[in-house]
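1. mind folding the following:
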Amino acid sequence: RLYQIPFGVPDCQEESEARTLYLVGDFSAPAEFFVTLGVFSFLYSMAALVLYLRFHSLYSDNTKLPFGDFCVTVCFAFFWLVAAAAWGKGLSDVKAATRPAALLGATAVCQSGAALCSPGSAPAMGLANISVVR
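-> Predicted structure coming up:
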């Protein structure tokens, strides 16, 4: 939800206040899908662990239960792949929207040539990149 993040841009005129601009974009859906799937995977694994340890005889005697467990596990693996790809795309969109050069291009002060604007350093995205690799 980048549209909720404000940042100040000076007008470069005397006694004028900085204008408040907002970033553009809402890339929360892939992240929410990724986290939700992780929570459901954890809950399912805890339930399966209880089934394996507490009700082992029920699991070994019934032939449909292991097959159902296998099908649910395959579905979770597929959705995890989809969620990781969606989060990777969402992260690349966040990086593009918050790139300093892109933010400078959106400010009128830097476009007019009245001020010397430099993008500075890129934001640190190392931990976000690691979250996609996991």
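2. can you give me the strands in this protein?
-> For the chain, the strands defined by DSSP state E occupy 6-9, 19-22.
3. the last one - which strands sit beside it in the sheet, and in what orientation?
-> In this case it means strand 19-22. Paired with strand 19-22 in the same sheet, following DSSP bridges, are strand 6-9 (antiparallel).
4. circling back: quick one: which of the strands of the chain is nearest residue 126?
-> Between residue 126 and the strands of the chain, the tightest spacing by C-beta to C-beta is seen for strand 6-9, at 21.9 Å. From N, CA and C alone the C-beta is placed, and that goes for glycine too.
5. before we move on, the earlier item: now the strands of the chain as TSV including mean pLDDT?
-> Putting the strands of the chain into TSV (pLDDT from 0 to 100) gives the following:
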stretch	mean pLDDT
strand 6-9	70
strand 19-22	72
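6. and of the ones you listed, who's closest to residue 80?
-> strand 19-22 (33.1 Å).
7. distance from that closest one to the middle of the chain?
-> Put simply, strand 19-22 sits 24 Å off its chain's centre (C-alpha atoms, centre = their mean, to the nearest Å).
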